[in-house]
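1. Need a 3D model of the following:
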Amino acid sequence: MKKLSIAFLTSLFAIGIIILFCLAGCKKTNDGHTASDNEFSFNYNGSQYKLAPINFEYSVDSMHIQISRPDIFDGVINFQKPDCAYYATNNELVNVSGNCHLTKGSGLPIDSAAVYIYKTGSLNVVYSNCSSTSLTDLSGRPVTAQYCDMEGSFDLTLKNSENKLVTISDGHFIQYHMLRSWK
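-> The predicted structure follows:
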């Protein structure tokens, strides 16, 4: 029962976040850009990739990047500030806690050959064109949402216990009218 409640609440939270981002993406910024103008690109294994903003191929904010392209990687790459990243090659559920402590979904240690972990990387973000909007949250409380255009760069090297590397370089993104804060 407790597991079902946690799963339900997690799903409800995820749906709420998706709705917020969709609503944020629908509004034009001062310079006329919409979410469909967003850009996300990187180099991997000698090829440059440009991912689509509307197919859930990636997500990005000031503290986190997630790349979900099974044709490039056979699992999801997660990169969080500061210095926490992983890539589970077998698409195994990985939990992150505390100071980037990784465990299997069951709480057991990860397979260090199948899960690549952070070796080096950077994630830099600059905000511009910010605006604030007053809204009412789901509980009926008034809140102020700040939306900004966000431009950034990233690179990431992941390593497994067999010293195999996954290196992403020259990462770049532009996200228009992103939710920056909610007070």
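
2. which stretches of this protein form helices?
-> 2-26 (DSSP state H).

3. Low-confidence stretches in it?
-> Scanning the chain for pLDDT under 70 picks out the ranges 1-31.

4. Now do the strands in the protein.
-> Along the chain, counting by DSSP state E, strands occupy 39-44, 47-50, 58-60, 64-67, 77-80, 84-88, 94-97, 101-104, 115-136, 142-159, 165-182.

5. Which stretch among those strands approaches His33 most closely?
-> With CB to CB, the closest approach to His33 among the strands of the chain belongs to strand 165-182: 4.0 Å. C-beta here means a position set from N, CA and C on the backbone, and glycine is covered the same way.

6. In a markdown table, list the strands of the chain along with distance to Gly32 and mean neighbour count.
-> Shown next, in a markdown table, are the strands of the chain (distance: least, CB to CB, whole Å; neighbours: other CB atoms under 10 Å):
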| stretch | distance to Gly32 | mean neighbour count |
| --- | --- | --- |
| strand 39-44 | 15 | 18 |
| strand 47-50 | 21 | 12 |
| strand 58-60 | 21 | 21 |
| strand 64-67 | 26 | 19 |
| strand 77-80 | 30 | 21 |
| strand 84-88 | 35 | 22 |
| strand 94-97 | 38 | 14 |
| strand 101-104 | 42 | 14 |
| strand 115-136 | 11 | 15 |
| strand 142-159 | 12 | 18 |
| strand 165-182 | 9 | 18 |
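
7. I'd like these as JSON lines, with distance to His33 appended.
-> Formatted as JSON lines, these follow (distance: least, CB to CB, whole Å):
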{"stretch": "strand 39-44", "distance to His33": "10"}
{"stretch": "strand 47-50", "distance to His33": "17"}
{"stretch": "strand 58-60", "distance to His33": "16"}
{"stretch": "strand 64-67", "distance to His33": "20"}
{"stretch": "strand 77-80", "distance to His33": "25"}
{"stretch": "strand 84-88", "distance to His33": "29"}
{"stretch": "strand 94-97", "distance to His33": "32"}
{"stretch": "strand 101-104", "distance to His33": "36"}
{"stretch": "strand 115-136", "distance to His33": "9"}
{"stretch": "strand 142-159", "distance to His33": "7"}
{"stretch": "strand 165-182", "distance to His33": "4"}
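
8. Quick check: Leu156 touching Tyr116?
-> No: applying CB atoms under 8 Å, one finds Leu156 not in contact with Tyr116, separated by 9.9 Å.

9. List the residues that are in contact with both of these two.
-> Taking CB atoms under 8 Å, 6 or more residues apart in numbering as the contact rule, Leu156 and Tyr116 both touch Val166.
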